[in-house]
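**Student:** no sequence for this one, just the structure:
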């Protein structure tokens, strides 16, 4: 779901960027560069953005919070009479675009962080497959051979003990080292 949000947000952002650029070029064509720059200077403002780091399953994700970027016409800081509707349309499109960019930033940060964690996990899995697992299999073979050898030794000892018992039951112990 997060990936789909990311891809959809990217496509939407590209479309909104194209729309905003078209409106900006139209406004520059009608009002001139100086008229657009003057309106932009009058409309400029600070934007409050807060980034909070969340911890999900031991992975820290930045979460971006912001107030709405969209403003009413009378809140932009310039007079209605001095500015044409093309500048208003361009300003509105860029506010929509900036709002979308801030919303997409959080999702994109999640995706990047997930990508980093996937790469870390892949390296760990490769290390397990290439180093730890072969070493553990080798240790298992060594332990199995050692236990089989001990089992053979125990069987030989039991056979020797059985011979000793049989000999002691038959008539006494003579030199066991020659018969064993």
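**Tutor:** Thanks, I have the structure now. Everything quoted here is computed from the prediction, not taken from an experiment.

**Student:** would you state the helices of the protein in chain order?
**Tutor:** Listed from the start of the chain, the chain has helices (DSSP state H) covering 2-43, 85-127, 133-170, 176-179.

**Student:** mean pLDDT for those: which is lowest?
**Tutor:** Across the helices of the chain, helix 176-179 has the smallest mean pLDDT, namely a mean of 51.

**Student:** measure the residue positioned nearest the centre of the chain to residue 6 for me?
**Tutor:** In the chain, the C-alpha nearest the mean C-alpha coordinate belongs to residue 114, at 0.9 Å (C-alpha atoms, centre = their mean). Per C-beta to C-beta, to the nearest Å, residue 114 is found 10 Å from residue 6. All C-beta spots, glycine's among them, are computed from the backbone N, C-alpha and C.

**Student:** what's the answer for residue 19, then?
**Tutor:** For residue 19, the distance to residue 6 equals 21 Å [C-beta to C-beta].

**Student:** relative to residue 55, which of the helices of the chain is closest?
**Tutor:** The closest approach between residue 55 and any of the helices of the chain, judged by C-beta to C-beta, belongs to helix 85-127 at 11.3 Å.

**Student:** got phi/psi on residue 70?
**Tutor:** Backbone geometry at residue 70, expressed as degrees, to the nearest 10, gives phi -70, psi 130.
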